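**Q** Quick one: sequence and predicted model below, then my questions.
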Amino acid sequence: MTPTDTKPAEVGTPFWRFSLAIYARPEVARACLELQDTCAVDVNLLLFLLWLALDRRSLSADAVRDLDGKVREWREAVIEPLRALRRTLKQSTPIAA
């Protein structure tokens, strides 16, 4: 089997598949983006904590702060600039050919 033969549900880790399935539900993307914009929530971290909770696992508040600290540099250097670019592109007027 090649990657092109693989169904999306079969790609990635169990957490990634969970994230895609949850995010695709009606209103979840909107709610996550609102939390991101109004409360500075890291949506990936939020989904990870939900994934753990649904498996009856949890992290202490200190462990969540530590995990947030570990992803902060990536979020600030990569995720936030990409998010800003994506929003700019969505608002831009297409170039007429």
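**A** All right, it came through fine.

**Q** how about the helices in this structure?
**A** 14-23, 28-39, 43-54, 61-74, 80-91 (DSSP state H).

**Q** What's the per-residue pLDDT of Asp5 here?
**A** Per-residue confidence (pLDDT) for Asp5: 49.

**Q** I'd assumed Ala21 was in contact with Trp51.
**A** No - Trp51 is not in contact with Ala21 according to CB atoms under 8 Å; the separation is 10.4 Å. For the C-beta atoms, the positions are set from N, CA and C on the backbone; glycine is no exception.

**Q** More neighbours: those two, which one.
**A** Neighbours per residue, other CB atoms under 10 Å: of Trp51 and Ala21, the larger number sits with Trp51, 17 against 12.

**Q** Identify the residues contacting that one.
**A** Contacts here follow CB atoms under 8 Å, 6 or more residues apart in numbering; on that basis Trp51 touches Phe15, Phe18, Ser19.

**Q** ok, now how distant is it from Thr93?
**A** 39 Å (CB to CB, to the nearest Å).

**Q** same deal with Cys39?
**A** 31 Å.

**Q** So the two - more neighbours on which side?
**A** Cys39 (8 against 5).

**Q** mind checking pLDDT for the more buried one?
**A** Reported pLDDT for Cys39: 94.

**Q** Specify the angle between the lowest-mean-pLDDT helix or strand in the chain and helix 28-39 in degrees.
**A** In the chain, no helix or strand scores lower on mean pLDDT, DSSP states H and E than helix 80-91, which sits at a mean of 90. Put simply, helix 80-91 runs at 120 degrees to helix 28-39, going by axes from the mean of the first three to the mean of the last three CA atoms, to 10 degrees.
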